[in-house]
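[1] this is the structure alone, sequence omitted:
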């Protein structure tokens, strides 16, 4: 599925699946960048994978692609993980 995926997109997919991405959820748990905000640029209180994929107003258009795979955008279906 990923042989023709641009490197940047593939990298973001790996970050999303592993939870090691440049988002507030990761900053809050790992404290790698304690000065970095954990809030979402859309105004949400905490930038988390579930928020970005299911609710963030900044990604409304992209969500149509996710709904092809998972109508209700269930993270385990989209990311291929149990959680």
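    The structure has been received and is ready for your questions. All figures in this text were calculated on a predicted structure; none of them were measured in a lab. Numbering: from 1, shown residues only.

[2] show the pLDDT at the most centrally placed residue in the chain.
    Centrality entry for the chain: nearest residue to the mean C-alpha point is residue 49, 3.7 Å, by CA atoms, centre = their mean. pLDDT recorded at residue 49 is 87.

[3] pull the contacting residues for it.
    With contacts defined as CB atoms under 8 Å, 6 or more residues apart in numbering, residue 49 is in contact with 16, 19, 21, 23, 25, 75, 79. Any C-beta I mention is one placed from the backbone N, CA and C, and that applies to glycine too.

[4] redo those as JSON lines? Include distance to residue 4 and neighbour count.
    Shown next, in JSON lines, are the contacts of residue 49 (distance: CB to CB, whole Å; neighbours: other CB atoms under 10 Å):
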{"residue": "16", "distance to residue 4": "19", "neighbour count": "17"}
{"residue": "19", "distance to residue 4": "25", "neighbour count": "16"}
{"residue": "21", "distance to residue 4": "22", "neighbour count": "19"}
{"residue": "23", "distance to residue 4": "26", "neighbour count": "20"}
{"residue": "25", "distance to residue 4": "29", "neighbour count": "18"}
{"residue": "75", "distance to residue 4": "24", "neighbour count": "18"}
{"residue": "79", "distance to residue 4": "20", "neighbour count": "17"}
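
[5] buried residues in the top helix by length along the chain?
    For the chain, the helix with the greatest residue count under DSSP state H is helix 7-18. Going by neighbour count (16 or more other CB atoms under 10 Å), the buried part of helix 7-18 is residue 16.

[6] show me how far that helix is from its chain's centre.
    Here helix 7-18 is found 9 Å from its chain centre; the criterion is CA atoms, centre = their mean, to the nearest Å.

[7] buried residues, the helix or strand just after that helix. List them.
    Next in sequence after helix 7-18, counting helices and strands by DSSP states H and E, comes helix 24-30. For helix 24-30, the neighbour count (16+ other CB under 10 Å) marks 24-27 as buried.
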